[in-house]
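A.B. asks: sequence and predicted model, in that order:
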Amino acid sequence: MTTVRTRVAIIGAGPAGLLLAHLLDRAGIESVVIDQRSREEIESTIRAGILEQSTVELLDSSGASPRVLSEGNRHEGIELRFAGEGHRIDFADLVDRAVWLFPQHEVLKDLIAVRLTAGQDLRFGITASRVEDENPAHPKVIATDAEGQPLTIEADFVVGADGSRSVARAAVSGSATGGYFREYPFAWFGILCEAPPSSEELIYSNSDKGFALISQRSATVQRMYFQCAPETDPTAFSEAELWEHLQARVPGTTLTEGPIFQRDVLRFRSFVAHELRKNRVALIGDAAHTVPPTGAKGMNLAIADVVLLEKALRALLLENDDRLIDAYAEKALQRIWKAQHFSWWMTSMLHVAPDASDFDRRRQLGELRSVVESKAGQTYLAEAYTGWPHQP
Ligand code: PHB
């Protein structure tokens, strides 16, 4: 049995865990990061691609992602399409802000490379089973390594950045699953294809047949989604059928088709854990909350948690000042619930629920029209989509 001692033990080498380790290191606070997955798996998992302006500024200015500005693409607006017409939401004009398209796995490649170059203790293939805090001042992570050997990490603080199936959550909220929770009666069918972009900006399209999102990855690879039933089998459709489904949901645009080389079905859930911190154990990112992907908030919200927690850990571990850590959950939850609302709102405004009545459908089109015909409505969408600034 191996025991490792560190100041901060971080479970999960996703964007939240790695960025936290990076910022702590800059403040002179040592950490150990573990993840169940291999480096290859982490660097190749397809996730979302939209970064808020504050996320980009932090990744760039802290040196966490040297490529975010040079390789990311700045987007100054999106299109909302409904009733056969497109309406541009002009972020630059409305709120003088923008978002960047830079896929999450590219951010992760940068973060991992930067951390390893800096000598970070970053271990892959380590499975955490639980967090113990019998001694609340010195919590422990109980884990096993890739060879099945037991590993214990003793720390001054433990952070659960271990995603929606968090094992740290039980130590914080007393239950592995306890939280505020909502499921949706639809999912997204996502594809990656080899083709040039079909549109300069992202198109969020509401149609009688359901929702579609035309997103991008690069000049030669595109990401697109259409609304499907949650139990849809990703292999159920031929390529021709997938193009038919997508085309039918973006009337007015002819999509440029190309070979589809990846397909997946994404379930929709909204979740916020009942508690985000207990003693010296805290949750960040998907361990603390999940949002449906329509508002592109998942990774951005994780990074906003990191901003708050890193400051709180600096005060606690360097100055023995516990005021910020005591305020962490309440402060983080204010943004989390704003993002939950925005993600729920975009989702419910754009998708067609399987049981929607004629009234519901007409009301929904009225809602979309209220947004695009009102400067106030457009401004709310632009503010939330480009992201509220991080608190100083
Ligand atoms: C994506 O490109 O994967 C993407 C973009 C915007 C969203 C969700 C996903 O709202």
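C.D. replies: Structure received. Note that the structure is predicted; figures quoted are calculated from it, not measured.

A.B. asks: going along the chain from the helix or strand harbouring residue 94, find the next helix or strand for me.
C.D. replies: For residue 94, the host element (DSSP states H and E) is helix 91-95. Next along the chain after helix 91-95, taking DSSP H and E as the criterion, comes strand 99-101.

A.B. asks: now stretch 52-61, how far from the chain's geometric center?
C.D. replies: 14 Å (CA atoms, centre = their mean, to the nearest Å).

A.B. asks: ok, that stretch near the ligand or not?
C.D. replies: No: judged by CB under 6 Å from any ligand atom, stretch 52-61 and the ligand are separated, with a smallest distance of 11.6 Å. In short, each C-beta sits where N, CA and C put it, glycine included.

A.B. asks: could you tell me the average pLDDT over that stretch, please?
C.D. replies: The average pLDDT for stretch 52-61 rounds to 98.

A.B. asks: can you list contacts of that stretch?
C.D. replies: Contact partners of stretch 52-61, identified using CB atoms under 8 Å, 6 or more residues apart in numbering, comprise 19, 51, 64-65, 68-69, 72, 97-100, 102, 107, 110, 299-300, 303-304, 307, 385-390.

A.B. asks: now, those residues that are in strands?
C.D. replies: 51, 99-100 (DSSP state E).

A.B. asks: does residue 9 touch residue 29 like I think?
C.D. replies: No: at 11.9 Å, residue 9 and residue 29 do not qualify as touching, with contact defined as CB atoms under 8 Å.

A.B. asks: quick one, what contacts residue 186?
C.D. replies: 210-211, 227-230, 268, 351, 353-354.

A.B. asks: before we move on, back to that, who has more neighbours out of residue 9 and residue 29?
C.D. replies: residue 9 (29 against 21; other CB atoms under 10 Å).

A.B. asks: list the beta-bridge partners for the more buried one.
C.D. replies: Beta-bridge partners for residue 9, by DSSP bridges, are residue 32, residue 158.

A.B. asks: quick one: name the residues of the stretch 251-392 of the chain near the ligand.
C.D. replies: 293-294, 296.

A.B. asks: among the residues you listed, which one has the most neighbours?
C.D. replies: residue 296 (25 neighbours).

A.B. asks: picking that back up, filter the ones in strands among the contacts of stretch 52-61 by proximity to the ligand?
C.D. replies: The subset of those within reach of the ligand, by CB under 6 Å from any ligand atom, is empty.

A.B. asks: now these as TSV including neighbour count?
C.D. replies: Below are the ones in strands among the contacts of stretch 52-61 laid out as TSV (neighbours: other CB atoms under 10 Å):
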residue	neighbour count
51	29
99	27
100	20
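
A.B. asks: just these now: which is nearest residue 327?
C.D. replies: Top of the list for closeness to residue 327, among the ones in strands among the contacts of stretch 52-61 and by CB to CB, is residue 51 at 26.4 Å.

A.B. asks: tell me who's in contact with the closest residue to the closest one other than its chain neighbours.
C.D. replies: Excluding the flanking residues, the one nearest residue 51 by CB to CB, 6 or more residues apart in numbering is residue 100, at 4.5 Å. Contacts for residue 100 (CB under 8 Å, 6+ apart) come out as 50-51, 53, 56, 68-69, 72-75.

A.B. asks: what's the PyMOL line that selects buried ones from those residues?
C.D. replies: This is the PyMOL syntax for the buried subset of these, where burial follows 16 or more other CB atoms under 10 Å:
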select buried, resi 50+51+53+56+68+72+75
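
A.B. asks: strands of the stretch 1-150 of the chain, residue ranges please.
C.D. replies: 2-5, 8-11, 31-35, 50-52, 73-75, 77-82, 85-90, 99-101, 121-124, 127-132, 140-144, 150-154 (DSSP state E, counting those that start in this stretch).

A.B. asks: redo the ones you listed as CSV? Include distance to residue 193.
C.D. replies: Formatted as CSV, those follow (distance: least, CB to CB, whole Å):
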stretch, distance to residue 193
strand 2-5, 44
strand 8-11, 35
strand 31-35, 30
strand 50-52, 19
strand 73-75, 18
strand 77-82, 20
strand 85-90, 21
strand 99-101, 16
strand 121-124, 30
strand 127-132, 35
strand 140-144, 39
strand 150-154, 42
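
A.B. asks: quick one: name the residues of the stretch 101-250 of the chain near the ligand.
C.D. replies: 202, 213, 215, 223.

A.B. asks: now the longest helix belonging to the chain: mean pLDDT?
C.D. replies: Longest among the helix segments of the chain by residue count, using DSSP state H, is helix 323-350. For helix 323-350, the mean pLDDT works out to 98.

A.B. asks: quick one: it to strand 77-82, angle?
C.D. replies: 40 degrees (axes from the mean of the first three to the mean of the last three CA atoms, to 10 degrees).

A.B. asks: list the buried residues of helix 323-350.
C.D. replies: 324-325, 328-329, 331-333, 335-336, 339-340, 342-347, 349-350.

A.B. asks: and it, what does it pack onto?
C.D. replies: The contact analysis (3 or more CB pairs under 8 Å, 6 or more residues apart in numbering; DSSP states H and E) places helix 323-350 against strand 203-207, strand 260-273, strand 277-278, strand 281-283, strand 289-290, helix 298-319, helix 358-372, helix 375-386.

A.B. asks: quick check: residue 31 touching residue 4?
C.D. replies: No: Residue 31 sits out of contact with residue 4 when judged by CB under 8 Å, with a separation of 11.1 Å.

A.B. asks: what is the nearest of the residues of the stretch 101-250 of the chain next to the ligand to the ligand?
C.D. replies: residue 215 (3.3 Å; CB to the nearest ligand atom).

A.B. asks: other SSEs contacting the host helix or strand of the closest one?
C.D. replies: According to DSSP H and E, residue 215 maps onto strand 210-216. Applying 3+ CB pairs under 8 Å, 6+ apart, one finds that strand 210-216 makes contact with strand 179-194, strand 203-207, strand 221-228, helix 239-249.

A.B. asks: rewinding a little: overlap of the contact sets of residue 31 and residue 4?
C.D. replies: What both residue 31 and residue 4 touch, as defined by CB under 8 Å, 6+ apart, is the set residue 121.
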